[in-house]
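Enquirer: coordinates for the following, if possible.
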Amino acid sequence: MEASGVQTVARALSVLDCFRDGAERGVSEVARQQGLAVSTTHRLLTALVQAGFLDKSEDSGRYRMGGALAGYGQIAYRQHRIYLAEPALEQLAATTGASVSIALRHSIHAVLLATSRWRDTDGHRLQGVRLPLHASALGKTLLAWNDTGDAELAALPYDEGTARSVSTPAELRRELVRTRERGYAYNDEELDPGFRTLAVPILTPGAPCRFALGLRGTTTLMIPERLPFLVDLAKITAADIAARFAAAD
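Expert: Next up is the predicted model:
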């Protein structure tokens with residue numbers, strides 16, 4: 001593929017990334033966010049609509065995620081056998097009142113593969129599907145239980161998150177050491193004010209850590225006094241999910 005074609009594909013994927021939070025956006029908004037001309041943005045959006053990756057509202061003229069991506073999501077869901085973990089996620093959510101998720105690492109993000117049904121702690125708020133590694137408990141888990149080099153930490157964008165999140169590679173390295181020592185990762189309003197998350201690795205003997213299990217709830221639910229209890233339940237659930245995955249191999 002010629003350089004111009006590669007650039008067009010990269011731009012189209014970058015435009016598609018503007019819709020990862022589930023919101024609708026207009027041409028001008030996407031153009032400003034991407035630093036592109038409106039005419040160029042319109043052509044890219046039109047191509048993405050034709051491919052089924054985006055839908056265009058006939059009423060508002062704004063764009064949103066398209067149905068084609070749901071098909072790709074289902075393929076990933078089956079390939080990673082996440083359906084095996086869902087009963088355990090729901091049981092843990094019902095027991096704790098927290099929102100429970102399973103995630104893997106993709107580049108600089110932890111990507112949620114499945115989340116328990118919405119709980120009172122979340123209401124109708126949509127948690128992001130991709131979370132920054134440095135500012136999320138799931139991301140810290142995936143970094144801490146893998147051989148993560150200093151160059152990888154230095155390459156992470158530290159501008160995401162809140163004022164409570166780590167802001168340098170050295171600070172993150174210290175946090176990862178603490179995470180391994182205590183056996184779980186913790187996010188204390190570092191990504192979303194008013195919410196805390198703890199996460200543990202889903203470990204398979206002799207294999208690297210591919211998945212992490214997280215519990216997310218409000219600060220009133222995830223009080224420090226409850227953390228030992230929640231961590232114990234999370235570790236039990238993670239071991240159960242690991243056994244389900246191993247049995248399916």
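Enquirer: pLDDT score for residue 122?
Expert: At residue 122, the pLDDT value in this model is 50.
Enquirer: buried ones in the helix ranked longest in the chain, by neighbour count?
Expert: Longest helix in the chain by number of residues, with DSSP state H as the criterion: helix 227-248. Within helix 227-248, the residues that count as buried by 16 or more other Cβ atoms under 10 Å are 227, 230-231, 233-235, 237-238, 240-242, 244-245. Every residue, glycine included, has its C-beta placed from N, CA and C.
Enquirer: check pLDDT for those and point me to the minimum.
Expert: pLDDT across the buried residues of helix 227-248 is lowest for residue 245, at 87.
Enquirer: that one reaches residue 207, doesn't it?
Expert: No: assessed by Cβ atoms under 8 Å, residue 245 is found out of contact with residue 207, at 9.8 Å.
Enquirer: which strand residues bridge residue 64?
Expert: residue 55 (DSSP bridges).
Enquirer: low-confidence ranges, the chain, go.
Expert: By pLDDT under 70, the low-scoring segments of the chain are 1-6, 21, 69-78, 80, 118-128.
Enquirer: please, where are all the strands along it?
Expert: With DSSP state E, the ranges of strands along the chain come out as 54-56, 63-65, 99-106, 109-115, 130-132, 185-188, 195-202, 211-218.
Enquirer: now the ones you listed as TSV including distance to residue 178 and mean neighbour count?
Expert: Below are the strands of the chain laid out as TSV (distance: least, Cβ to Cβ, whole Å; neighbours: other Cβ atoms under 10 Å):
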stretch	distance to residue 178	mean neighbour count
strand 54-56	42	19
strand 63-65	37	19
strand 99-106	19	23
strand 109-115	18	20
strand 130-132	18	21
strand 185-188	9	22
strand 195-202	13	26
strand 211-218	16	26
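Enquirer: how about those in JSON lines, adding distance to residue 87?
Expert: Formatted as JSON lines, the strands of the chain follow (distance: least, Cβ to Cβ, whole Å):
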{"stretch": "strand 54-56", "distance to residue 87": "32"}
{"stretch": "strand 63-65", "distance to residue 87": "28"}
{"stretch": "strand 99-106", "distance to residue 87": "11"}
{"stretch": "strand 109-115", "distance to residue 87": "11"}
{"stretch": "strand 130-132", "distance to residue 87": "24"}
{"stretch": "strand 185-188", "distance to residue 87": "24"}
{"stretch": "strand 195-202", "distance to residue 87": "15"}
{"stretch": "strand 211-218", "distance to residue 87": "13"}
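Enquirer: out of these, flag the one nearest residue 169.
Expert: Smallest distance to residue 169 across the strands of the chain (Cβ to Cβ): 13.5 Å, for strand 130-132.
Enquirer: what comes into contact with that closest one?
Expert: Strand 130-132 is contacted by residues 20, 103, 106, 108-112, 138-139, 156-157, 160-161, 191 when judged by Cβ atoms under 8 Å, 6 or more residues apart in numbering.
Enquirer: equivalent analysis for stretch 160-179, please.
Expert: With Cβ under 8 Å, 6+ apart as the test, stretch 160-179 has contacts from 132, 134-135, 140-141, 143-144, 148, 150, 153-154, 156, 158, 185-186, 188-193.
Enquirer: out of these, which are buried?
Expert: Judged by 16+ other Cβ under 10 Å, buried ones among these: 132, 134-135, 140-141, 143-144, 148, 153, 156, 158, 185-186, 188-192.
Enquirer: domain ranges for the chain?
Expert: Per automatic domain parsing, the domain ranges recorded for the chain read 3-68, 80-248.
Enquirer: tell me the gap between the shortest one and the middle of its chain.
Expert: Domain 3-68 has its C-alpha centroid displaced from the chain centroid by 21 Å (Cα atoms, centre = their mean, to the nearest Å).
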